[in-house]
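[1] Predicted model and sequence below, questions to follow.
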Amino acid sequence: MKKITLLICIGLCCLSLTGCIDIVQHITRKSDGTEQNTISITVTKAVIEMLASMQGNPSINYDELFAEFNTSDMEEYEQFGAKMTKINDQVNAGYLIDMNINYKDKDILKAINAEDIDLIPKYGKKKMTIYVGSLQDDDYSKTDNEMLQLFLASSKYRLLISKTCMPSIKRVLLKTAKKSTEVGYLDLYDEYMIDIPIILLLTDKATIEIYQ
């Protein structure tokens, strides 16, 4: 998966100091053994419209914003039967990506293990790994825009993992080629929540490792 709408949202909202970008991934295991992997990527309309007003534009054409999304970015998810739904309510604009993945299917499992596919979990012995490398952006590491950096400091990628997938978690690591960073998590009774600042995902290609 390429950068989807993330960098578009950053470009529109970089003058804001509020966390207007919201990336949420929820992973759960159904009774039939398949996994439901749902990802929402949204941006707050109020912030977009405020920025447009500052630039002298009285209104936003959200159809043009959605047109920036390249559906070819979804091709690698087609093998998982991904469905993409537009989010366009009074508060947010973005997309919902929904997949039902059968890890018991040998062809599906082979495809998952053959390469790193963004936001698709891989399982090892008492471990889940999720690749998030495509969020890395070389242009970000070159920028000295303090406003952009402040904005990104409040933006997060939120991962929710049902205990049907991971009954327990002992440790979460964010790994890059340069270093390994331990990340905190919350136990929310029937699932775990992991929050990672987006700024960490922009600087280096990273993988999240979750240990039981």
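    Everything's here; your move.

[2] show me where the chain has helices.
    Listed in chain order, the helices of the chain (DSSP state H) span 6-13, 45-54, 62-67, 106-114, 138-142, 146-153, 198-203.

[3] Next, count neighbours for T203.
    Applying other CB atoms under 10 Å, we find 15 residues neighbouring T203. C-beta coordinates here come from the backbone N, C-alpha and C atoms, glycine included.

[4] for the one 5 residues further on, same thing?
    By other CB under 10 Å, 21 other residues sit near I208.

[5] now K83
    Counted with other CB under 10 Å, K83 comes out at 13.

[6] what residues are up against I117?
    M1, E76, Y77, A111, Y131 (CB atoms under 8 Å, 6 or more residues apart in numbering).

[7] What distance do you get for the closest residue to the second one other than its chain neighbours to K30?
    On the basis of CB to CB, 6 or more residues apart in numbering, the spatially nearest residue to E76 that is not a chain neighbour turns out to be I117, at 5.7 Å. When CB to CB, to the nearest Å is applied, the distance between I117 and K30 equals 20 Å.

[8] Most neighbours out of the contacts of I117, which is it?
    In those, the most neighbours by other CB under 10 Å go to Y77, 22 neighbours.

[9] hey, what's R158 bridged with?
    Going by DSSP bridges, R158 is paired in beta bridges with V24, D195.

[10] list the contacts for it?
    D22, I23, V24, Q25, M193, I194, D195, I196.
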